[in-house]
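[1] pasting the sequence and the predicted coordinates here, then a few questions.
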Amino acid sequence: MKLATRIIAALGAAALSLGLAQAAPSGAPVRIGSTLALTGPLSGTAIIHKIVGEIYVDDLNKRDGLLGRPVEWILKDDQSKPELARTLYEQLITVDKVDLIIGPYATPNIIAAMGVAQRYNRVLIHHTMGIPSLAKYDMQFPAWSVGPNPETTVPNTLFDALAASAKPPKTIAIVTSKFPSVYFMSVGAREVAKKRGLQEVLFLEWEFGNKDFGPIANRVKDAKPDFVFVGAIGLEGNQLLEAMKKIDYVPPMHYYMYPAPGPLAKLPEAQGALAASIFEQHPPFTNNPIAAQFVKEYNARAAKAGLPDNSVETQAAASFSTWQVLEAAVTATKSLDDKVLAAWLKQNQVDTIQGRLRFDRANNYGDDLMRVKQVQNGHWVTVWPKEWAAPGAKLITP
Amino acid sequence: MRVTASGWIAIAGLALATVPFFKPPAFYETFLYLVFYWIVLATSWNILSGYSGYFSFGHGAFFGAGMYTTATLSGRYDWAFLWTLPAAALVAALFGTAIGAVVFRVGRLRGELFALLTLAVTFVLATVVLNTRIDGGQGVNLGGVALPAIGPTPSATFYFLALALTVITLWTARGIYQARLGTGLFAIHDDEDVAEVLGVPTLRYKLVAFGVSCALAGVAGGIHAMFVSYVTVGETFSIIVPLTVVLMSVLGGTRHWLGPTVGATIITGLVYAFTAGDYAIAGRAAVGLILVVVILFMPNGVLGRFAGRSRTPTRAPDANRTAPAAARSTAPAQTRQQRQGEILLDARGVSKAFRGVQALDRVDLQVRRGEILGLVGPNGSGKSTMINVVSGHFLLDSGRIAFGDREVSGMAAHRIAHAGIARTYQIPRPLAHMNVLENVALPAMFGRNSLGRIDAEREARDWLEFTGLAGKADALPDDLNLHQRKFLELARALASRPSLLFLDEVLSGLTPSEIDNAIATIRAIRDQGATIVFVEHVMRAVMELADRIVVLNYGRVIAEGLPQDVMQRPEVVTAYLGKPHA
C-alpha cells in the first residue's frame, strides 16, 4: 500500500506537471498560508522561496489544483522577525482561516510558526529547519531531508568523500561562525573528526557579522592543516578566502557549511571548495522530468526577478519539495484535515526532486540526503556519493 | 468625580482585560500583545532617555539581559516561568545600575558619547552571552517550558501578562513624570549642571531612572523569551530593538509620559498594515515614508504637538494670599537681628587651578550674615570661579569652606543648595524646555525648603510677582528678553529661600533704568534679611548696594573693607586701570 501510494503520488505529480492530465480546477480555492522574510536581513534568500512557491502554485492551478479546487497562496512578509512570523501565522489561522499552512524561512521563524501550528493542531511542512532537535511538534514535517542528526551524518558524508579521494587529509582546522544552525554543525563536525582520527590543529570561532577575517586566515595558515572546515553562512566563506588571498595562502582542501552558492562559485580562489547540497541542476538530479521542468522555469523566473544566481540548489529544491510533500499528502488522502494529512505523512514516503523523503524517525526526520558538491571551473558539481555525482565528475584534490 | 490619569490607566487596563473573554481570534490577542510589548519597551526607555535626555542605544542589552535570564532559569534550571520574571527585572536593573554608577560619574559621557557607550555595552553583553554557557552559540530553546494558564488560551496568557506589565509601566512612567523625580530628570535634560546647583540630586535620580527603566525592559524580555520560545543572540541583541523604541518614543513625544504609547501603537499598527507578501518592499517603504512625514511635521512628536507642553497641573495664585513671599523672611525678624553680623560663610585658603592657570590662590573670604558683600575685580580675577567653588560647581584644589556650622567644601552641589546657598549665572542658564513658572518652582522643590509641587508653584508665582515676571509665567525662556532672563535667574535663586545668595553680574547688559529697577529689587531682597554676595562690574550699583567690598586680582584678595575706602586704594586702582607709565 505504501509503495502503491508512493508511486501513484509520484506518477500523478509527474504526469500533471508535464501537462498530460489537464482539468480546470473549480470551486472555492484551497487557501494555503505562509510567511517569508520578504524584507529584512533574510530577504536575500527568502525571495528564492517566494519564486518557487509561485512557480508551484501556478503549475498546480494549470493542472487540477488540489482536490479539483484552485489553490490560493496567502503569503505575508514576516520581515525576518520571529515574533512577527508567530503573529502572522496566528492571523493566517484564526482570521484568514486558511485551509493549510506551510513553513516560513529560517530556523527561528520556523520555530515561532511551529508553536502556533502546535496550538491549533495544524500540519506544518517546512523547508529550512537547521537544527532538527528543536523540532518537537509531532505534526511538523521537514522537507529539507537532513536526517535527525545532521551534525553527525553530514560531516560523516563529507569525511567519507575525503577519505575516498586521491589525497585523504590527516589534519583538520575547524573555523566557524557562531550563527546557531552553523555552529551546531561545526561542533558536530569537530566530534566526528575526532572519532575518525583526524588530528585537529585549529579550532576558531567568530561572531556572526564579523568582517575582519585577516587574523583567522593567518591562524589557519600557521596551523598548516590538510583540510579546512569552514562553518560559514552567506558570504563569510568569500570573505575568508579573500583574506587568505591577501597573505598568499591557498587552503589545500576546504569546505563551507551554508555558503551563498553563486558568489562563492564565481570567486577564483574558491576553486575546489566543497559544500553540502541536496540538489544541483545537472544529471542525475535533472533526469527527473519534474526537476528538469522546474529548473527551466526557475532559471527564467529568477533571472526575471534579478537574482544574482539563477541556479537551482539546496534552497530552491527544499522549497519545491515542501510543496511536493503537501500536494502528495492532500492528493493521496483527498483531505485537507490536518490530522489525516499528518497520519498519512508518518506512514508514507514521498518522492521529491531531492529524493525520497520519509518522516518516521526522531522528530519526524528521515534520511540524510545531503551530498557533497565542489566548485569546479566556476560551477558547482556534485561529487559525492558517486551515484549522485555529475557525469564524469569526481572530487578534485590539489 | 475627577478621574486621574492613573485612574484612567486602571480603567483602560480593566477594560482591555475583558477582551479575551469575548473570544476574539487569537491573532488579535497576539497583535495586542506586541503593541503592549513595544509600549513597555518604549516607555521604559523614555523614563531615562526621554525624561533626562540621556539618549540610550543600549535598551536591547537590558531587554536581552531579561530575555536570557528567563531563558537560562527556565530552560536550564527548570524554574517556573513566572518566577523568572522578578529575576529578569532584578538582573537587568542591577546590570543597568552598575553601568550607570560608573558612567554617570563621568561628566563628559553625555549626549552622543552616552549613546555610543550604551550601544557598545550591548555588543559586549552579546559577546559574553554568545561565548559562555548562557547561549554558547546555538541559542536556547524554550519549547519545553510550561506556560502557566493565566488566560483561557496561551495567546490570552501572553496578552494578560503584557497587559499587566503595560499598566504597571504606565503607572510608573506617569508617577515618575509627576513626582519630584520626574521634575528633576527634566531639569537634568535641559542643563544637568544647573539642575545640580539648584538642588537636584542628579546622580541618584539618573541611577533610579536607569534602574527602573532596565527592570521594566528586563521583565518585557523575560515574557518575550517565552513568546518567541527560541532565544538567539542575533535576534535578541539586534540593533533593531533600540532603534525601534527610539523611533516610537520620538514619534509619540519624549517629553510626555504617554508619548511612547502613542508612538508604539502607531508603528506596530503600521507594521501590520503592510505585511502582504505581494507588495512587501513597497509596504515597508510606505511605513518609512509615513514616519518621515509625521516626524517632519511634528518634530516634538504627536503629543508634543497636540497635548501642549505643560507637564504639571498648576493652580492660580491663592486669592487670599495678599502678602507676597518676598515680604516673608526666612527667619523671625528678631532672631535675624540678633544674629546679624556673625560670619555665615568662611572660606580659608581656597585654591583652584585650570590646566596651570591659577584661578584662585589661597583666597580667604568671610561673608557676614545680613550684609551685601561686593566681590569685584577685573575680568579673569577669579570672581565667578569663587562662586562656582562655593556652590559646588567646581571642586576646590585646597582650602576649606564652612557655611554656618557646616563644612561644605567637597560637598555635592545639590547638598550645598539644600544647605541654603543659591546663585545666579552671569550668562543666564534657564532650563530651556520648562516654562518660566516651572523654572522658578524647581529650586523651591529642591532647595532648602523642599516644598511640594503645589506649594513650590505658589512660591514661584510670588517670586515672579516680586521680579515683575508674573505675566510671563507660562512663557518659555526663549521668549524672554535679556532683562527678563536676568530676572528669571534672580527669581529662581530666590525661590529656594537661600541663606546666602550669590549674584553673578545680574546687571550686565541692562539699560540704566533697568539697572535702577534691579538695584531696588536687590535692596528689597536684602531688607528681608538675605545675605548677598554681589559680583558686578557696574560700579555705581556696587557702591550703592555693598556694605563691604572684597577685591580679587589674579585669583588673590588684594583689598577688602568699606566701599569708599577700598576703591581708592592704589592697588585697586592699579588692578582696574593698570600702572601709570610716565
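    Noted; the coordinates are in hand.
[2] show me the domain layout of chain A.
    Annotated domains of chain A cover A:2-146+A:283-367, A:150-277+A:372-388 [automatic domain parsing].
[3] mean pLDDT and mean neighbour count added to those domains, as a markdown table?
    Every residue, glycine included, has its C-beta placed from N, CA and C. Converted to a markdown table, the domains of chain A look like this (pLDDT from 0 to 100; neighbours: other Cβ atoms under 10 Å in any protein chain shown):
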| stretch | mean pLDDT | mean neighbour count |
| --- | --- | --- |
| domain A:2-146+A:283-367 | 90 | 21 |
| domain A:150-277+A:372-388 | 95 | 20 |
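[4] can you redo those as JSON lines with distance to B:V367?
    Shown next, in JSON lines, are the domains of chain A (distance: least, Cβ to Cβ, whole Å):
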{"stretch": "domain A:2-146+A:283-367", "distance to B:V367": "63"}
{"stretch": "domain A:150-277+A:372-388", "distance to B:V367": "61"}
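[5] the ones you listed: which one's closest to chain B?
    Among those, the nearest to chain B by Cβ to the nearest Cβ is domain A:2-146+A:283-367 (3.1 Å).
[6] that closest one near chain B at all?
    Yes. Against chain B, domain A:2-146+A:283-367 shows contacts by Cβ under 8 Å from any Cβ of the partner chain at A:35-36, A:38-39, A:50, A:74-79, A:81-84, A:86-88, A:90-91, A:93-95, A:107-108, A:111-112, A:114-115, A:119, A:131, A:134, A:136.
[7] and the residue in chain B that chain A sits nearest to, what does it touch?
    Nearest to chain A in chain B, going by Cβ to the nearest Cβ, is B:G277, at a distance of 3.1 Å. Contacts for B:G277 (Cβ atoms under 8 Å, 6 or more residues apart in numbering or on different chains) come out as A:35-36, A:38, A:50, A:74-77.
[8] could you redo the last one with a cut-off of 7 Å?
    Contact partners of B:G277, counting by Cβ atoms under 7 Å, 6 or more residues apart in numbering or on different chains, are A:36, A:38, A:75-77.
[9] now, among the residues you listed, which is nearest to B:A491?
    Comparing the contacts of B:G277 against B:A491 with Cβ to Cβ places A:D77 closest, at 57.1 Å.
[10] so that closest one makes contact with A:T39?
    Yes. Between A:D77 and A:T39 a contact is recorded at 5.7 Å, counting by Cβ atoms under 7 Å.
[11] mutual contacts of those two, please.
    Residues within reach of A:D77 and of A:T39 at once, by Cβ under 7 Å, 6+ apart, are B:A280.
[12] including secondary structure, could the contacts of B:G277 go into a markdown table?
    A markdown table is the format used below for those (DSSP: H, G, I helix; E, B strand; the rest coil):
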| residue | secondary structure |
| --- | --- |
| A:L36 | strand |
| A:L38 | coil |
| A:L75 | strand |
| A:K76 | strand |
| A:D77 | strand |
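[13] list the helices and strands the helix or strand where A:Q374 lies packs on?
    Here A:Q374, judged by DSSP states H and E, is contained in strand A:371-376. Applying 3 or more Cβ pairs under 7 Å, 6 or more residues apart in numbering or on different chains; DSSP states H and E, one finds that strand A:371-376 makes contact with helix A:150-163, strand A:274-277, strand A:379-384.
[14] please repeat the previous calculation with a cut-off of 6 Å.
    With contacts taken as 3 or more Cβ pairs under 6 Å, 6 or more residues apart in numbering or on different chains; DSSP states H and E, strand A:371-376 sits against strand A:274-277, strand A:379-384.
[15] which one of the ones you listed lies nearest to B:V194?
    Closest to B:V194 of the helices and strands packed on strand A:371-376, according to Cβ to Cβ: strand A:274-277, at 62.9 Å.
[16] list the neighbouring strands of the closest one plus their orientation.
    Partners of strand A:274-277 in the sheet, by DSSP bridges, are strand A:254-259 (parallel), strand A:371-376 (antiparallel).
[17] excluding sequence neighbours, find me the nearest residue to the residue of chain B closest to chain A.
    Closest residue in space to B:G277, ignoring its immediate chain neighbours: A:L75 at 3.1 Å, by Cβ to Cβ, 6 or more residues apart in numbering or on different chains.
[18] ok, B:G374 next?
    Nearest non-adjacent residue to B:G374, counting by Cβ to Cβ, 6+ apart: B:A546, 3.2 Å away.
[19] ok, which stretches of the chain are strands?
    Went with chain A since none was named. Here chain A has its strands, by DSSP state E, at A:30-36, A:71-77, A:100-102, A:124-126, A:140-142, A:171-177, A:199-206, A:227-234, A:254-259, A:274-277, A:350-352, A:355-357, A:371-376, A:379-384.
[20] let me rephrase: I mean chain B.
    Listed in chain order, the strands of chain B (DSSP E) span B:140-141, B:230-231, B:343-354, B:357-368, B:372-376, B:398-403, B:406-407, B:421-423, B:500-504, B:531-535, B:548-553, B:556-561.
[21] what residues does the stretch 251-400 of chain B have near chain A?
    B:275, B:277, B:280-281, B:284 (Cβ under 6 Å from any Cβ of the partner chain).
[22] what's the ChimeraX syntax to select whichever of those residues are buried?
    The following ChimeraX line selects those of these that are buried, judged by 16 or more other Cβ atoms under 10 Å in any protein chain shown:
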select /B:275,277,280,284
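[23] keep only those of the residues of the stretch 251-400 of chain B next to chain A that are in helices.
    Here DSSP state H is the test, and those give B:280-281, B:284 as lying in helices.
[24] which one of the residues you listed is nearest to B:T202?
    B:R284 (40.8 Å).
[25] single out the most deeply packed of the strands of chain B.
    strand B:421-423 (a mean of 29; mean count of other Cβ atoms under 10 Å in any protein chain shown).
[26] list the neighbouring strands of it plus their orientation.
    Strand B:421-423 pairs in its sheet with strand B:500-504 (parallel), by DSSP bridges.
[27] tilt between the partner strand and strand B:531-535?
    Between strand B:500-504 and strand B:531-535, the angle comes out at 20 degrees (axes from the mean of the first three to the mean of the last three Cα atoms, to 10 degrees).
[28] export strand B:500-504 to CSV, keeping only CA atoms.
    This file holds the C-alpha atoms of strand B:500-504, laid out as CSV (Å, rounded to 0.1, in the frame of the first residue of the first chain):
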residue,chain,number,x,y,z
LEU,B,500,23.3,83.1,51.1
LEU,B,501,22.7,84.4,47.6
PHE,B,502,25.5,84.8,45.0
LEU,B,503,24.5,87.3,42.3
ASP,B,504,26.9,86.9,39.3
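[29] so what touches it?
    B:344-345, B:384, B:387, B:421-424, B:426, B:493, B:530-535 (Cβ atoms under 6 Å, 6 or more residues apart in numbering or on different chains).
[30] and the two most separated of those residues?
    Farthest-apart pair in the contacts of strand B:500-504 is B:L344 and B:Q426; separation 22.5 Å (Cβ to Cβ).
[31] can you show me the helices along the stretch 201-350 of chain A?
    Under the criterion DSSP state H, counting those that start in this stretch, the stretch 201-350 of chain A contains helices at A:214-223, A:236-246, A:261-266, A:289-304, A:314-333, A:338-347.
[32] reformat the ones you listed as JSON lines; add distance to B:T122.
    Formatted as JSON lines, the helices of the stretch 201-350 of chain A follow (distance: least, Cβ to Cβ, whole Å):
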{"stretch": "helix A:214-223", "distance to B:T122": "23"}
{"stretch": "helix A:236-246", "distance to B:T122": "22"}
{"stretch": "helix A:261-266", "distance to B:T122": "30"}
{"stretch": "helix A:289-304", "distance to B:T122": "37"}
{"stretch": "helix A:314-333", "distance to B:T122": "31"}
{"stretch": "helix A:338-347", "distance to B:T122": "41"}
